[in-house]
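Asker: Structure, please.
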Amino acid sequence: LAARRVAARASSAPTTTRDGTRIEVFANTGSREDAELAVANGAEGSGLLRSEFLFLERPAAPDVAEQTAAYQAIADALGDRPMIVRLLDIGGDKPAQYLPIEGEENPALGLRGIRVGLAHPDLLEAQVEAIARVEPAGRCKIMVPMVASLAELRAVRAVLDRVAQRIGLPCALELGIMVETPAAAATADILAREADFLSIGTNDLTQYTLAMDRANPSVAASLDGLHPVVLRLIGQTCSGGARHGRWTGVCGSLASDPLAVPLLLGLGVTELSASAALVTDIKALVATLDLAACRDLAARALACASAAEVRALVAQFEKENAA
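Answerer: Numbers count the residues shown, from 1 in each chain. The predicted structure is shown next:
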């Protein structure tokens, strides 16, 4: 494994499974330093730039120029690698003092994610413009958080189209969605008609699917993204996206979990955006896997009754794969 890690870090070749299936291994980032670490560890790009770092703990929102400069610096650190910028995801457990949100009985189900952007259209349009101005044009992709309906995606698309026309953007920007709600997973085939790609946020998808608040210590310990019902929704997302030729990635914590990776590939995931520090390990692991075996593993996992059963199944798979 140590030798594979060294090879994965040094290799600039596309990541493939043992049988030659192409799997993109990206990194989650939130700063220029994260991007530099990602590149050093062999990441093929950033599959999730958390833009909240620009908006929190300050008295006012950043303007277009400040945002553009910050995104450009991170893009430059990535070299010619792609970067997917998640639109502002605040609200709930991530408040901003200049965007007062009245106290909510259940913030996780209230004004958060893209709901905040749509409630503050000037803020949303400024961020879309800042991303669109990153050079070279078309370099960045935009990802919409907490989507639950096609109407939300269409509203953001309208903003992007308006900005692109106003600034004379010479090429189209890809616009994708984060699948974090059961609604998005269950209607992935509908959303994929108009989304350019889908990326699963497994942390929130698990929380909402199992109806357990991950910030509540009384139930958080029972949250497990390898629960069969979560895996079923991941598989449904992948098949829904594939129906329209859209790729599906994972940018939640499961993308950094060695136990989850063979299951994700078996369910149809073709892009993993892991923690920048763990990219090398994930690349090395992917190179040992056979896609047919992963598909068989995933099919058996979907028939399990609990996350514990799934974990035991994957542990046995790991032993056999290492032999």
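Asker: Tell me which residues touch the residue nearest the centre of the chain, please.
Answerer: Residue closest to the average C-alpha location in the chain (C-alpha atoms, centre = their mean): residue 251, at 3.0 Å. Under the criterion of C-beta atoms under 8 Å, 6 or more residues apart in numbering, the neighbours of residue 251 are 26, 28, 47, 48, 178, 199, 200, 201, 273. Every residue, glycine included, has its C-beta placed from N, CA and C.
Asker: Residue 264 versus that one, what's the distance?
Answerer: 11 Å (C-beta to C-beta, to the nearest Å).
Asker: Do you know the pLDDT at residue 7?
Answerer: You'll see residue 7 listed with a pLDDT of 63.
Asker: quick one: the helices in this structure?
Answerer: Counting by DSSP state H, the chain has helices at residues 2-10, 32-40, 64-77, 114-119, 121-132, 150-167, 182-186, 188-191, 202-210, 228-242, 261-267, 279-286, 291-302, 307-322.
Asker: Just say which of the ones you listed is most tucked in.
Answerer: Ranked by mean neighbour count, those are led by helix 261-267 with a mean of 26 (mean count of other C-beta atoms under 10 Å).
Asker: outside of it, which residues touch it?
Answerer: The contact list for helix 261-267 (C-beta under 8 Å, 6+ apart) reads 17, 21, 23, 226, 231, 234-235, 238, 250, 254-255, 272, 282, 285-286, 289, 291, 293-299, 301, 310, 314, 317, 321.
Asker: try stretch 189-200
Answerer: 47-48, 84, 141, 143, 147, 150, 153-154, 157, 174-180, 184-185, 188, 234, 237, 239-241, 243-244, 246-252, 269, 271, 273.
Asker: For it, buried residues please.
Answerer: For stretch 189-200, the neighbour count (16 or more other C-beta atoms under 10 Å) marks 189, 190, 191, 192, 195, 196, 197, 198, 199, 200 as buried.
Asker: I'd like those laid out as a markdown table, including distance to residue 166.
Answerer: What follows is those, written out as a markdown table (distance: C-beta to C-beta, whole Å):
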| residue | distance to residue 166 |
| --- | --- |
| 189 | 33 |
| 190 | 29 |
| 191 | 26 |
| 192 | 28 |
| 195 | 23 |
| 196 | 21 |
| 197 | 25 |
| 198 | 28 |
| 199 | 27 |
| 200 | 32 |
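Asker: just these now: which is nearest residue 137?
Answerer: Residue 137 lies nearest to residue 196 out of those, by C-beta to C-beta, at 16.2 Å.
Asker: what about stretch 73-85, distance to the chain center?
Answerer: Centroid displacement of stretch 73-85 relative to its chain, using C-alpha atoms, centre = their mean, to the nearest Å, is 16 Å.
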